[in-house]
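Colleague: Got a predicted structure plus its sequence, pasted below:
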Amino acid sequence: MTAAETKAETKAESKAEAAEVLISVRGVVKTYERGGETLRVLDGLDLDVKKGAFEALMGPSGSGKSTLLNLIAGLDRPTAGTITVGGKRIDELGESALAKWRGDTIGFVFQSFNLLPVLTALENVTLPLLLTRVAAKEREARATTALRIVGLEDRLHHYPRQLSGGQEQRVAIARAIVNDPALIVADEPTGDLDRKSAEDVLSLLERLNKQLGKTIVMVTHDPAAAERASIVRRLDKGQLQ
Amino acid sequence: MMIPLRYNLRSLAVRKTTTFATAFGIALVVFVLASALMLSAGVRKTMRTSGHPDVAIVMRKGSDNELSSTVESASINVIAAAPGAKASTPDLPSSSPELVIVAAIEKLGASGVTNVQLRGVPEHGMRFRPEMRIIAGRAPAPGQDEVMIGARLRGRFRGLDLGQSFEIRKNRQARVVGVFEAGGTSHDSEVWMDLDLLRTSFSRQGYVSSVRVRLSSPAAFDAFRAAIEGEKRFGFMALREAEFYEKQSEGTSIFISAIGSIVSVFFAIGAMIGAMITMYGAVANRQREIGTLRAIGFSRRAILLSFLLESTSLALIGGAVGVAGAMAMGFVKISMMNFQSWSEMVFTFDPTPQVILTAFTFAASMGLLGGFLPAIRAARTSPVEAMRGG
Ligand SMILES: Nc1ncnc2c1ncn2[C@@H]1O[C@H](COP(=O)(O)OP(=O)(O)OP(=O)(O)O)[C@@H](O)[C@H]1O
Ligand SMILES: [Mg+2]
């Protein structure tokens, strides 16, 4: 156990819900076929993520960090093994059930922000709410609140190209939280940002975790980013080290 | 819930050049189709408005048009006095026996001859149609070799203009002494003269082509027809004038729509392939956007629908341009052969709501069909695409 993990563990255990496991990965194998060759990226991997945790996933390039994150977030399915999130076996869900599940459960933060360029900040943040029963007026109110949380209430009607990278990523975070998801996944959220913007984004994620109790799993190469997490895990050779 | 349409519309706006080029192709196709349909409707309208609701036309049973019909002079009075017919007054005669013949007349500005319909009417024939007006010159005098011409013929045929002469028949010259207007009806493309002049020129003494009868009211038609058609020894039929004209134009109007439709369908294949290429390009360029939408939770069906809407919108933009272009054709007059009467007539484009709806439906179909395969590819995009860099 690393020093950071130990520190995090004690910090988390002081909370009441610390024992509850949100994500449980068991014996997960993920292979890719490439040119007749089978590439075994994840090889019988086990992982438990507790509710309310802020975990960082590190490891060399090509070690399968994104692959694992995609599996946890229900973007992809494992070759073998089980993935349970919030008590639900998502490796068994069909295509459309999985899409619906993602909409209900996961907030996504991407390395390159992935805002729709033709929609304004407010419209981008409203998107996930279109999948819910929330009425139009209420959708706008909630999206505005989400943008206020990330400190962009004065940029509602700006298009992504009118925002800085850091601001774009904050809009993306607003979009990730607007549905009040159980889990936020972030794949190198600071990878495309300068130091200052990266700091802002990390502080924001930290705040979401501490103040709103959001569970966050973040893939990162950046030790400074990992520093903010309560638990840091290392992936290598298809296994968590 | 759906992905908002403005996502698609703005995406189209971003790719201005491609959007414009694709929409332009669709616009051309829709223009061709809409113009043909508007012309076809214009033909029907011209013909339909040629008829009065309270006028019946009596012809030989089984004849398609006045040209092929013969009514003996002896029957004229009986027809004019049948039940339902209105009593004549000196101002408004209640019947008009007319002879219709076509003559080949040399076209101006183009080689060859064209059939022009000649109509011989009794002295009061003009008064039978109160909407007719002489706009230049005067009415032909009976007993003279004089004619008047419909305004739409003016200046389009050798000898057919005020003060000029033409050959009704070999070695039989007639002088144009007047130009009339008949309210945009088919008469506007006819040459009118005294019944006896036409009869003697073509040796058709003893019969006419048709007898028009003014009814006491439009509702009196049924009684009138029963009386005419009930008299078996006549062998005549009675039609409402409006119905008769519309029927006459059916062949021409169907022919124009058919040609227009066939040509457009062939063009449409090209335009559809254009739309398909454009949409495939859009899908390829937006893999990460689509992946993101999928990751956020939009279903495959929502993506499919979104891209179908995008290609349909693209096609409808083209459709709108095409329809607008066809509407501009409203200022153009087209002269054409009317196949029933084998004579040249002039028609205008009639942009009926039906035609516009058809044109837009056609455009939308092109968008839907052309966009279908690209939309399926879009729907198949993996949500993992959202995670890929680039
Ligand atoms: N769809 C795929 N098909 C084939 N191989 C794949 C696919 N996705 C990932 N891989 C391979 O799986 C391995 C792990 O990829 P992954 O993206 O998970 O790595 P990573 O740890 O996120 O790396 P990085 O730090 O560079 O982002 C790599 O060797 C990659 O080439
Ligand atoms: Mg990665």
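Modeller: Ah, there it is. Ligands and ions are numbered 1, 2, ... in the order given.
Colleague: Which residue is the nearest non-sequential neighbour of residue 61?
Modeller: No chain was given, so I picked chain A. Taking Cβ to Cβ, 6 or more residues apart in numbering or on different chains, and ignoring the residues beside it in sequence, A:Ser61 has A:His221 as its nearest neighbour in space, at 7.8 Å. The way it works is simple: take the backbone N, C-alpha and C, and place the C-beta from them, glycine included.
Colleague: The intended chain is chain B.
Modeller: Excluding the flanking residues, the one nearest B:Lys61 by Cβ to Cβ, 6+ apart is B:Met237, at 4.5 Å.
Colleague: can you count the residues close to the one you found?
Modeller: Under the neighbour criterion other Cβ atoms under 10 Å in any protein chain shown, B:Met237 is assigned a count of 17.
Colleague: Check which helices and strands the helix or strand where it lies sits against.
Modeller: Per DSSP states H and E, B:Met237 falls inside strand B:236-240. Strand B:236-240 makes packing contacts with strand B:55-60, helix B:221-230 when contacts are defined by 3 or more Cβ pairs under 8 Å, 6 or more residues apart in numbering or on different chains; DSSP states H and E.
Colleague: What's the mean pLDDT across the first one?
Modeller: What that stands for is strand B:55-60. For strand B:55-60, the mean pLDDT works out to 94.
Colleague: and that strand, which strands flank it?
Modeller: In the sheet containing strand B:55-60, its partner strands are strand B:210-214 (antiparallel), strand B:236-240 (antiparallel), by DSSP bridges.
Colleague: Residue of chain A nearest chain B, please.
Modeller: Using Cβ to the nearest Cβ, A:Gly103 is the residue of chain A that sits closest to chain B, at 2.2 Å.
Colleague: and the residue lying closest to that residue once chain neighbours are set aside, how many neighbours does it have?
Modeller: Leaving out its chain neighbours, the residue that sits closest to A:Gly103 by Cβ to Cβ, 6+ apart is B:Gly297, at 2.2 Å. Using other Cβ under 10 Å, B:Gly297 has 27 other residues around it.
Colleague: coming back round to it: now do the residue nearest to B:Lys61, the pLDDT please.
Modeller: 93.
Colleague: same check, this time on A:Ala4
Modeller: According to the prediction, A:Ala4 has pLDDT 47.
Colleague: Give the helix, strand or coil label for whichever residue of the stretch 1-150 of chain B sits closest to chain A.
Modeller: When distances are taken as Cβ to the nearest Cβ, the stretch 1-150 of chain B reaches nearest to chain A at B:Arg10, 3.6 Å away. Classification of B:Arg10 by DSSP: H, G, I helix; E, B strand; the rest coil places it in helix.
Colleague: hmm, back to that, just say which of the strands paired with strand B:55-60 is most tucked in.
Modeller: Of all the strands paired with strand B:55-60, strand B:210-214 has the most neighbours on average by mean count of other Cβ atoms under 10 Å in any protein chain shown, namely a mean of 25.
Colleague: just the helices and strands packed on strand B:236-240: most buried one?
Modeller: Ranked by mean neighbour count under mean count of other Cβ under 10 Å, the helices and strands packed on strand B:236-240 are led by strand B:55-60, which reaches a mean of 24.
Colleague: Contacts for that strand, please.
Modeller: Around strand B:55-60, the neighbours that count as contacts under Cβ atoms under 8 Å, 6 or more residues apart in numbering or on different chains are B:66, B:68-71, B:79, B:84, B:209-215, B:221, B:224-225, B:228, B:235-241, B:244.
Colleague: taking the mean pLDDT, what do you get for the strand or helix carrying B:Ile376?
Modeller: When secondary structure is defined by DSSP H and E, B:Ile376 falls within helix B:353-379. For helix B:353-379, mean pLDDT is 96.
Colleague: So that helix, near chain A or not?
Modeller: No - with Cβ under 8 Å from any Cβ of the partner chain as the criterion, chain A is not reached by helix B:353-379; the gap is at least 10.5 Å.
Colleague: mind checking how far whichever residue of chain B sits closest to chain A is from ligand 1?
Modeller: With Cβ to the nearest Cβ as the measure, B:Gly297 is the residue of chain B nearest to chain A, at 2.2 Å. B:Gly297 sits 21 Å away from ligand 1, going by Cβ to the nearest ligand atom, to the nearest Å.
Colleague: got it, and A:Ala99?
Modeller: Summarising the geometry, the distance separating A:Ala99 from ligand 1, computed by Cβ to the nearest ligand atom, is 19 Å.
Colleague: Just to be sure, that residue is in a helix?
Modeller: Yes - counting by three-state DSSP, A:Ala99 falls inside a helix.
Colleague: Just list the residues touching it, thanks.
Modeller: Under the criterion of Cβ under 8 Å, 6+ apart, the neighbours of A:Ala99 are B:Arg294, B:Gly297, B:Phe298, B:Ser299, B:Arg300, B:Pro383.
Colleague: List phi and psi for the fourth one.
Modeller: Spelled out, it's B:Ser299. Note on B:Ser299: backbone dihedrals following degrees, to the nearest 10 are phi -80, psi 170.
Colleague: Mind pulling up the pLDDT for it?
Modeller: 96.
Colleague: ditto for the first one
Modeller: At B:Arg294 the predicted local confidence, pLDDT, stands at 97.
Colleague: repeat for the last one
Modeller: Each residue has a pLDDT score; the one for B:Pro383 is 96.
Colleague: Excluding chain neighbours, give the residue nearest to it in space.
Modeller: Nearest in space to B:Pro383, with sequence neighbours left out and distances taken as Cβ to Cβ, 6+ apart, is B:Arg294 at 3.8 Å.
Colleague: Would you mind listing the outside residues contacting the helix or strand hosting that neighbour?
Modeller: Mapping B:Arg294 onto the secondary structure by DSSP H and E places it in helix B:287-296. Contacts of helix B:287-296 from elsewhere in the structure, counted by Cβ under 8 Å, 6+ apart, are A:73, A:75, A:99, A:102-103, A:106, A:108, A:110, A:112, A:114, A:116-117, A:127-128, A:131, A:175, B:3, B:283, B:300, B:302-303, B:306, B:378, B:381-388, B:390.
Colleague: can you rerun that using 6 Å?
Modeller: When contacts are taken as Cβ atoms under 6 Å, 6 or more residues apart in numbering or on different chains, the neighbours of helix B:287-296 outside the stretch itself are A:Leu75, A:Phe108, A:Asn114, A:Leu116, A:Pro128, B:Ala378, B:Thr381, B:Pro383, B:Glu385, B:Ala386.
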